[in-house]
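A.B. asks: Pasting a predicted model and its sequence here:
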Amino acid sequence: MKNMIKFNCYSKDIGGKVMNKLSTIEDLYKEVNFLKVMDLKPNYSELSRKYNIDPRRVKKIYENGLPEKVTRNKPSKLDNYKEIIEEKMKLKGIKLSSLYNYLCEVEGYKGSYGSLTYYIRKNDIKKPTKENGKVVYETEPGEQLQFDWVEDIKMILKTGEVIEFNVFSAELAFSRMHYFIFSLTKTREDVLRCLTNTFEHFEGVTKTTLTDNMSSIVSNGNFCDEIKTFAKDFNINLNKCKVRHSWTKGKVEVRNKFIKWLIPFNNELDSIEEIIKVIENINKKVNERVNKRINTKPVLLYLKEKEYLSPLPSKEIRNYYYNLLKPVKVSNLSMIYYKGCQYSVPREFINKTLKIKELNNKLYIYNNTDLIRIHTLNNNIINYNEEDYMEALSRTINNKKEEEIEELAKKNLRLFDEFKK
């Protein structure tokens with residue numbers, strides 16, 4: 001008779017204590033195991049209704065217990081990138097976000113950021129250390145632009161050449177809309193040029209700017225006359241952080257960290273032009289990713305802030321700050337003259353005025369703030385970039401295929417080099 005006793009709902013144990021209502025398979029196992037220990041026959045139908053489990057499965061659990069959990073050792077898509085991940089994670093200052101960006105951009109990885117972080121933890125790959133946060137102050141839309149330099153960046157090209165440069169970094173304080181500008185130097189003229197370009201990019205001017213005690217524009221604690229004139233021309237109020245309080249411009253400081261996304265591209269790029277393209281792509285991604293503090297994408301919030309920006313000054317005023325670099329006119333042959341020699345540029349700039357800068361025996365040619373060509377300075381009368389020469393040749397030879405034109409261009413350029421010797 002004892003084995004035939006019904007244990008309806010099993011609401012009480014032998015001591016009379018009320019049992020908690022159970023809801024999982026593990027709890028079902030505990031309950032049927034209790035019955036087995038007490039030598040009581042379970043009511044499979046009642047247990048089935050209670051736990052919403054098939055009666056046959058309830059019986060199987062009662063008789064055989066819980067099945068052992070099977071751990072599936074499924075290979076990860078990231079196994080193909082493991083060596084690359086381990087190599088890049090050794091780079092000083094590397095961030096997981098920069099590594100993820102590199103894997104997607106260069107290696108063709110299609111997985112999620114979360115999969116990457118899980119893979120790194122699972123395989124015990126050393127993670128970068130976290131940096132301390134900064135204090136952030138909120139401002140009204142159109143109120144403030146924060147700007148700074150990311151200084152003395154070094155990148156190694158595939159050729160082994162080390163490129164040293166800076167990145168001008170500016171951000172609208174309300175929307176967090178950001179703008180990075182590649183710059184070889186960080187002079188006073190560079191600051192004025194980059195600020196002009198930044199306001200043009202944002203299609204309006206904020207009421208104030210905030211920066212640190214930048215040596216190129218601040219002297220003895222005061223802004224220099226040139227930046228004061230700029231502020232008057234653009235109708236803005238200049239503000240600077242207190243000494244040793246650069247964290248007060250925390251918004252732009254935080255976004256500067258994204259320049260570390262360049263680190264995995266060391267030894268992967270061929271030229272400065274490619275570095276600039278990577279920076280532009282980083283800039284786009286920074287503005288299109290959800291900012292955790294404002295819980296939205298800066299590019300969307302910018303559409304609201306844009307309405308609060310003041311109008312730009314006249315084009316003549318803006319051109320003045322662009323022309324702080326030396327202006328040159330492009331000839332009909334798509335060449336510019338410098339120190340008695342000619343240097344090529346793309347044909348689209350024929351009869352237009354560009355700007356040039358000489359630095360470390362190289363000639364840098366700009367269209368406004370866009371760097372379009374770099375030539376090594378020498379005494380050769382004519383200096384062609386291969387792309388420019390091919391473009392010019394293709395316009396004069398219409399009956400040849402692209403491959404033939406390319407081969408002819410290379411042959412002619414080799415003859416040019418032989419003639420120069």
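C.D. replies: Good, I have the coordinates.
A.B. asks: Quick check: the spatially most central residue of the chain vs S97, distance?
C.D. replies: Centroid check for the chain by CA atoms, centre = their mean gives I282 as the closest residue, at 3.2 Å. As judged by CB to CB, to the nearest Å, I282 and S97 stand 10 Å apart. To be clear about C-beta, it is placed using only N, CA and C from the backbone, and glycine gets the same treatment.
A.B. asks: Going along the chain, name the strands of the stretch 251-400 of the chain.
C.D. replies: 326-329, 335-338, 341-344, 353-359, 362-367, 370-376, 382-383 (DSSP state E, counting those that start in this stretch).
A.B. asks: got a list of contacts for the last one?
C.D. replies: Counting contacts by CB atoms under 8 Å, 6 or more residues apart in numbering, the residues outside strand 382-383 that touch it are M335, C341, Q342, Y343, S344, H375, F416.
A.B. asks: Filter those residues down to the buried ones.
C.D. replies: Those of the contacts of strand 382-383 that meet the buried threshold are M335, C341, Q342, Y343, S344, H375, by 16 or more other CB atoms under 10 Å.
A.B. asks: For the third one, which residues are in contact?
C.D. replies: Going back to what we said before, that points to Q342. By CB under 8 Å, 6+ apart, Q342 lies in contact with S331, L333, M335, I336, I381, I382, N383.
A.B. asks: Give me the pLDDT value at it.
C.D. replies: Here, the pLDDT recorded for Q342 equals 87.
A.B. asks: Please name the bridge partners of it.
C.D. replies: Y337, I382 (DSSP bridges).
A.B. asks: That one and N380, how far apart?
C.D. replies: Q342 sits 9 Å away from N380 when distances are taken as CB to CB.
A.B. asks: In stretch 86-103, which residues are buried?
C.D. replies: Across stretch 86-103, burial judged by 16+ other CB under 10 Å covers K88, M89, I94, K95, S97, S98, L99, Y100, N101, Y102, L103.
A.B. asks: Likewise for stretch 185-196?
C.D. replies: By 16+ other CB under 10 Å, the buried positions in stretch 185-196 come out as K186, R188, E189, D190, V191, L192, R193, C194, L195, T196.
A.B. asks: quick one: that stretch to chain centroid distance?
C.D. replies: 23 Å (CA atoms, centre = their mean, to the nearest Å).
A.B. asks: What lies in contact with that stretch?
C.D. replies: Residues outside stretch 185-196 that contact it (CB under 8 Å, 6+ apart): 147, 149, 151, 166, 168, 170, 181, 183, 209, 214, 216-217, 224, 226-227, 230, 234, 318, 321-322, 324-325, 357, 359, 369.
A.B. asks: returning to what we had before: deepest in the core, which of the strands of the stretch 251-400 of the chain is it.
C.D. replies: Highest mean neighbour count of the strands of the stretch 251-400 of the chain: strand 341-344, a mean of 20 (counted as mean count of other CB atoms under 10 Å).
A.B. asks: mind exporting that strand as PDB, just the C-alpha atoms?
C.D. replies: Presented in PDB, the C-alpha positions along strand 341-344 are these (Å, rounded to 0.1, in the frame of the first residue of the first chain):
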ATOM      1  CA  CYS A 341      60.800  72.700 -61.100                       C
ATOM      2  CA  GLN A 342      57.400  71.300 -62.100                       C
ATOM      3  CA  TYR A 343      55.400  68.800 -60.000                       C
ATOM      4  CA  SER A 344      52.300  67.000 -61.200                       C
END
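A.B. asks: Skip ahead from whichever strand or helix holds W149 and say which helix or strand is next.
C.D. replies: Using DSSP states H and E, the element containing W149 is strand 144-156. As assigned by DSSP H and E, the chain's next helix or strand after strand 144-156 is strand 162-172.
A.B. asks: For stretch 277-296, buried residues please.
C.D. replies: Under the neighbour-count criterion of 16+ other CB under 10 Å, stretch 277-296 has V278, I279, I282, N283, V286, N287, N291 buried.
A.B. asks: Quickly note the distance from S215 to K240.
C.D. replies: Distance, S215 to K240, by CB to CB: 12 Å.
A.B. asks: Compare these two (neighbour count), which wins?
C.D. replies: Between S215 and K240, counted using other CB atoms under 10 Å, the more crowded position is K240 (20 against 9).
A.B. asks: Now do the domain split for the protein, please.
C.D. replies: 2-64, 82-122, 144-317, 325-420 (automatic domain parsing).
A.B. asks: Near P75, how many other residues are there?
C.D. replies: Neighbourhood size, P75 [other CB under 10 Å]: 7.
A.B. asks: doesn't it fall inside a helix?
C.D. replies: No: using DSSP: H, G, I helix; E, B strand; the rest coil, the assignment for P75 is coil, not a helix.
A.B. asks: Please name the residues that touch it.
C.D. replies: Counting by CB under 8 Å, 6+ apart, P75 touches no other residue.
A.B. asks: Need the three-state assignment for I227.
C.D. replies: I227 ends up helix, using three-state DSSP.
A.B. asks: Next: I181.
C.D. replies: Under three-state DSSP, I181 falls in the strand class.
A.B. asks: Apart from its neighbours in sequence, what residue is nearest it?
C.D. replies: F168 (4.1 Å; CB to CB, 6 or more residues apart in numbering).
A.B. asks: Contacts only, for the closest residue to F265 other than its chain neighbours.
C.D. replies: Spatially, and ignoring its direct neighbours in sequence, F265 is nearest to V278 (5.7 Å; CB to CB, 6+ apart). Shown in contact with V278 (CB under 8 Å, 6+ apart): E105, W261, L262, F265, L269.
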